[in-house]
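Chemist: Any chance you could fold what I've pasted below:
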Amino acid sequence: QVPRAPSQPLAGSESRRFTNKHSKKALKASLTLGILLGMFFVAWLPFFVTNVAQAVCGCVPAGFFDVLTWLGYCNSTMNPIIYPLFMRDFKRAMGKFLPCCRRSGEPRPSAISLSMRNSNSGPRAAASLKNVL
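Modeler: Residues are numbered from 1 along each chain as shown. Here you go, the predicted structure:
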């Protein structure tokens, strides 16, 4: 008989937790994508179908066409509302830049720190940037 190492059962349970965590994230991402695409098709498909019908027969009233156009514009307006509702990372990123969403203890990031964070530069670039300014 070979004694089992105590880490073997733990590894199995950790892998199940890891799998469950990623499957939940994948489900949430699928749900978000489904909602966004569903809203896109509901808003823009009537516009494009009407646009083709207008080109073929010219039988679409101008007012109806305008309503369908504005329905598509409303979809574009809803995207910045939908993303923060379903995506925590997007909500955090927006909270850093919008004063109304920032927590009281968080400082506002400066333009230099943002450019340094996004440039993949090391500490040497930061020192040279300070010398330039």
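Chemist: Quick one: residues contacting residue 39.
Modeler: By Cβ atoms under 8 Å, 6 or more residues apart in numbering, the contact set of residue 39 is 75, 78, 82. Where you see a C-beta, it was placed from the backbone N, CA and C, and this is true even at glycine.
Chemist: quick one, helices of the protein?
Modeler: Per DSSP state H, the chain carries helices over the ranges 7-57, 62-86, 88-97, 111-118, 123-132.
Chemist: Output the contacting helices and strands for the third one.
Modeler: Meaning helix 88-97. With contacts defined as 3 or more Cβ pairs under 8 Å, 6 or more residues apart in numbering; DSSP states H and E, helix 88-97 has these neighbours: helix 62-86.
Chemist: Look up how far residue 34 lies from the spatially closest residue to residue 36 that is not a sequence neighbour.
Modeler: Using Cβ to Cβ, 6 or more residues apart in numbering and skipping residues adjacent in sequence, the residue nearest residue 36 is residue 82, 6.2 Å away. Per Cβ to Cβ, to the nearest Å, residue 82 is found 11 Å from residue 34.
Chemist: With pLDDT added, can I get the contacts of residue 39 in TSV?
Modeler: Shown next, in TSV, are those (pLDDT from 0 to 100):
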residue	pLDDT
75	87
78	84
82	79
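Chemist: Quick one: which of the residues you listed is the most crowded by neighbours?
Modeler: Of all the contacts of residue 39, the highest neighbour tally under other Cβ atoms under 10 Å goes to residue 75, namely 18 neighbours.
Chemist: and which of the contacts of residue 39 is nearest to residue 97?
Modeler: For the contacts of residue 39, the minimum distance to residue 97 (Cβ to Cβ) is 18.3 Å, reached by residue 82.
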